[in-house]
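# need the 3D shape of this:
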Amino acid sequence: MSDPLRTAHTFELDPATLGEIRDLLDVAFDGTFSEEDWTHGLGGVHVLVRDGTGELVAHGSVIQRRLTHAGRWHRVGYVEAVAVRADRRGDGLGGRVLEVLERVIDRAYDVGALSASEKGARLYRSRGWHLWQGRVEALSPDGVVRLPEEEGSIYLWPVPGRELPSADDALIFDWRDGDVM
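As a prediction, the model looks like this:
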């Protein structure tokens, strides 16, 4: 029997469950998962995987963001807070989480996006995510700013029936506190 999987919107998660998710993320990211990172993963759909004892072993969420590309605004399903407990990595749990998040993106958004670490990039590429080859910018309180440090780490999910944006024009994401991406 596979580990039980649950999907829920943030509003459906009680404080204890949110605490479990936060603890998993803190450990998985070696204590570098900031308060801003935490808030970036809230307000959307969460995927939680528990082992046979009920312990949380994997998590990911997809939240709505906006981006403009070539003069058109898009609703983006932005993947956040993906983590698998260290002793369960390599068991396919990250793929199970992403499979559900990708279905949410396919049915609710114009395109999927995420910012991948070097360690996570292999998983995303293996699932069909495309590395963005163009400029990455954000609409800051002071206007549009380029984010060169994010270039080479942004991946896009091709929603069926829609074309991926052309790298001829920049992706301009909405602004947020902390790491913009």
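
# residue nearest the centroid of this structure?
Nearest to the geometric centre of the chain sits Val79, at 1.5 Å (C-alpha atoms, centre = their mean).

# now for the lowest-mean-pLDDT helix or strand in the chain, which elements pack on it?
Using mean pLDDT, DSSP states H and E, helix 118-126 stands out as the lowest-scoring helix or strand of the chain, at a mean of 93. Contacts defined by 3 or more C-beta pairs under 8 Å, 6 or more residues apart in numbering; DSSP states H and E place helix 118-126 against helix 93-108, strand 154-157. Every residue, glycine included, has its C-beta placed from N, CA and C.

# okay, now Leu98: neighbour count?
26 (other C-beta atoms under 10 Å).

# Leu67 sits in which helix or strand?
In this assignment (DSSP states H and E), Leu67 forms part of strand 56-69.

# which stretches in this structure count as helices?
Here the chain has its helices, by DSSP state H, at 15-28, 35-40, 93-108, 118-126.

# remind me which residues of the protein are low pLDDT?
1 (pLDDT under 70).

# so what's Arg127 up against?
Applying C-beta atoms under 8 Å, 6 or more residues apart in numbering to Arg127 gives the contacts Gly95, Leu98, Glu99, Glu102.

# should've said Val45
If you count contacts by C-beta under 8 Å, 6+ apart, Val45 has them with Thr7, Ala8, His9, Ser61, Val62, Leu101, Val104.
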